[in-house]
Every structure is written in C-alpha cells, then in structure tokens.
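Undergrad: What follows is a protein structure lacking sequence information:
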C-alpha cells in the first residue's frame, strides 16, 4: 500500500505528461498531461479516443504505434507528433511509449513532453543556415563580379588611356616647338586629365582589392608607425609643426593600418598647406576593448552638415583646383577600419581645421605575448 501511494505521488507530480491507453481509449492521464494539452478536467480525456487531440495528419500513425506496442510488437521507443490544445494552439510533443498492464488488461503507457520550443529552435537554426548558405553564395557571386570588374578596370580602361597618354605626349612635343600656344595648352589639359584618370583607376582598384586581402592581426607599435609615415610625408610637406602624443598599440594588419594613417596624415598636411603655419596633432585614448586615434589639423576644415559624405567613394568637399585628389583616400580609410571592426568619424568647421577619429582593437596581454614595451620598441623589419 505504501508503495502504491509513493507510485501515485510520483506520477501525479512529475513534470512530464503520463497517459495510459487500453486499446484505443485513454484510461488514465496525470495533471502534467492536462497542462500540456491545455485541459482542466480528467473527464475531457479519460474515456475518449487516444487520438482526440492529435492533429489529423498524425492520428493514424499515433494509433497504429500504440496498438502495436500493446501487442508487444517492436516500435520506435521515442516518437514525435503534433497536438491541438484546447485553445487551438498547435504544439509538438515527444512521447516515449512502453507496454504495460492496467487492471489486468494489455495497455500502453506514454510519457509525453512538450518539445515545441526545441523544434522551433531547430527550425530557426535551419532557416539561419539556409540564409547563411545563401549569403555565402551571394558573396561568392559578388567576388566573381568584383574579379570581372577589376579585370575590366585594369585592362579595358587602362589600354585606351595609355593610347591617349602616348599620342598626346607626341603631339605635345611637336607643339612645344611650334607657335600655337592655345593648342599646346589644350594638350596639356588632356595630359593632366589622363593622369588624373590613371590615378582614379589606381585608387579604385586599391579600394576594391581591400576586401580580398587576408587580414593579419598582430600587435602594432603605433608610435613608430606614425613616425615612419610622417618622415615619409615630410619629403613632400617639409614645413609645419607635427605633435605626436603617446600612442597606444593596437591589434591589426600593420600594412593596412599604415595606409590609414598615410591617408589621414597626408590629408591633414595637404588641407593645411595654405595656413601660415601648419599644426598637426596625432594622439590616442584607450578604452576597454578598443583604442581611439585622432589626427587633428588647423587647415581648411569642412561644413559639419557634410560630414556623413566625407567617407563616400569619390567624394570631394573642396574644388579640384583648390586641393588636388581623387576623393578615394577617406573611403579607403573607412573600408580598412571596417575590416578591423572599427568605426570612423570626423569633426570640423570651415577654415577652422578638422579632426578625424578611427577606432581599432586594443591589444590584450594574450595578444601581446610579450611586454607592452616590446611592442612600442622600434621594429626591425
């Protein structure tokens, strides 16, 4: 008697639904079974067919398995099917069915669990996998198109441009010996435009190739990198004050990051060229996961309402006659920083200079593998 009471207490309080079936009729269900089906009374189930709450598409298979199990025939130990709750909601349940005896009759006992959330998660994973596969395919197609584009730019555009440059140079040489100054000036314009077009092609190719490069992530000693870039640029821009504040190391592709600061610093020097005295500042601030670097100048600046356009391809905010360039430098900066998972932005006012900010991953102790002093030491490459 004590064992019977214990057995009943366990069955009545277990979290899984339990149902006993004789023939095709339910003869017992526990409270958890009622909860799974959204029912209140045992009378809504006991005495009714076992497939009463099974969706029509699954009824035949459920009934066949339960009857076969009562007869001792081998069946799958665990099965899944769908039910319709009393409130109309469709749920997926998992049932483990075993043969038993109930009041002297062959019966089947089912232990039932609601696995709708698990099935929904599985479907979501399948959907996301399909979406990922589609995106990979789209990316592959985009890369193929980019390869075709690069081939077109490299060959189909360069070839006629080389012809223009070659013949214009021949004509210009002859005109320099003649008296037609106006025609010579026109030819000079053609040559200048051809050179500008060549630079545009080079910059566009450099931009398009960025996403195809393998990104190397290693600690980068920014102090030395920036000093190397400035030393290179001072051959072109020899005058002015350049202040380098202590720069925190970052984690990234040194070659790409060098290109970022080459573009930012050359812009700062170029756009402050008309000031009586250039003043450039480079510095950094360190956060938990990233480092923010800034390049500040006292140059031409820009209208703050246009700052969102600064990093677009071929975007220029100043006339070509005032400041030369293709408008690709900042687009390349944004692309490289984006590849590193960082952000870029700028602040400025007309004729009051500008500040450009970039964020890059911070170097952790694990990334270093050596002391910070070693990273900041001059590189021997």
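TA: Yep, that arrived. The structure displayed is predicted, hence computed values, not measured ones.
Undergrad: pLDDT (mean, whole number) over the top helix by length along the chain?
TA: Taking DSSP state H as the criterion, the chain has its longest helix at helix 116-151. Throughout helix 116-151, pLDDT has a mean value of 83.
Undergrad: What helices and strands are in contact with that helix?
TA: Helices and strands touching helix 116-151, by 3 or more Cβ pairs under 8 Å, 6 or more residues apart in numbering; DSSP states H and E, are strand 90-102, helix 181-209. For the C-beta atoms, the positions are set from N, CA and C on the backbone; glycine is no exception.
Undergrad: For residue 10, find the nearest of those.
TA: Ranking those by proximity to residue 10 (Cβ to Cβ) places strand 90-102 first, at 15.1 Å.
Undergrad: Now do the closest one: everything it contacts.
TA: Applying Cβ atoms under 8 Å, 6 or more residues apart in numbering, the external contacts of strand 90-102 come out as 17, 20, 22, 27-28, 36, 55, 65-66, 69-70, 72, 75, 77-85, 106-116, 119.
Undergrad: buried subset of these?
TA: 17, 20, 22, 27-28, 36, 65-66, 69-70, 75, 79, 81-84, 107-114, 116, 119 (16 or more other Cβ atoms under 10 Å).
Undergrad: where are the low-confidence patches of the stretch 151-300 of the chain?
TA: Scanning the stretch 151-300 of the chain for pLDDT under 70 picks out the ranges 151-156, 176-179, 207-209, 211-213.
Undergrad: hang on, isn't residue 38 packed against residue 84?
TA: No: taking Cβ atoms under 8 Å as the definition, residue 38 is not a contact partner of residue 84, at 9.2 Å.
Undergrad: So what's the gap between the helix or strand following the longest helix of the chain and the chain middle?
TA: Using DSSP states H and E, the helix or strand that follows helix 116-151 in sequence is helix 158-176. Distance of helix 158-176 from the chain centroid (Cα atoms, centre = their mean, to the nearest Å) equals 46 Å.
Undergrad: oh, and call the first residue 42 from now on, that's how I've got it
TA: In the new count, where the first residue is 42, that last one comes out as helix 199-217.
Undergrad: Helix 199-217 to helix 222-250, inter-axis angle?
TA: In terms of direction (axes from the mean of the first three to the mean of the last three Cα atoms, to 10 degrees), helix 199-217 departs from helix 222-250 by 160 degrees.
Undergrad: I'd like to know which elements helix 199-217 is packed against.
TA: Under the contact criterion of 3+ Cβ pairs under 8 Å, 6+ apart, helix 199-217 touches helix 222-250.
Undergrad: Helices of the chain, start to end?
TA: Along the chain, counting by DSSP H, helices occupy 43-54, 72-78, 97-111, 157-192, 199-217, 222-250, 263-274, 295-312, 370-380, 406-409, 413-417.
Undergrad: follow-up on the earlier one: take the contacts of strand 131-143 and keep only those in strands.
TA: The strands, defined by DSSP state E, take in 58, 61, 63, 68-69, 119-125, 147-155 from those.
Undergrad: For the most centrally placed residue in the chain, which residues are in contact?
TA: Nearest residue to the geometric centre of the chain (Cα atoms, centre = their mean): residue 382, 8.3 Å. Neighbour list for residue 382: residue 402 [criterion: Cβ under 8 Å, 6+ apart].
Undergrad: Distance check, it against residue 402.
TA: Noted for residue 382: a distance of 7 Å to residue 402, by Cβ to Cβ, to the nearest Å.
Undergrad: Please report phi then psi for residue 87.
TA: phi -60, psi 130 (degrees, to the nearest 10).
Undergrad: Looks like it contacts residue 70 (just checking).
TA: Yes: between residue 87 and residue 70 a contact is recorded at 6.5 Å, counting by Cβ under 8 Å.
Undergrad: Please report the distance of residue 244 from residue 371.
TA: According to Cβ to Cβ, residue 244 stands 11 Å off from residue 371.
Undergrad: no wait, residue 335
TA: Residue 335 is 14 Å from residue 371, by Cβ to Cβ.
Undergrad: Between the two, tell me which one has more neighbours.
TA: Remark: of residue 335 and residue 371, residue 371 carries more neighbours, 23 against 17, as counted by other Cβ atoms under 10 Å.
Undergrad: Please list all residues in contact with that one.
TA: Shown in contact with residue 371 (Cβ under 8 Å, 6+ apart): 304, 308, 351, 352, 356, 385, 397.
Undergrad: Looking at those residues, which is nearest residue 53?
TA: Proximity of those to residue 53 (Cβ to Cβ) peaks at residue 385, which lies at 64.4 Å.
Undergrad: The closest one is in contact with residue 401, isn't it?
TA: No: at 10.4 Å, residue 385 does not count as touching residue 401 under the criterion of Cβ under 8 Å.
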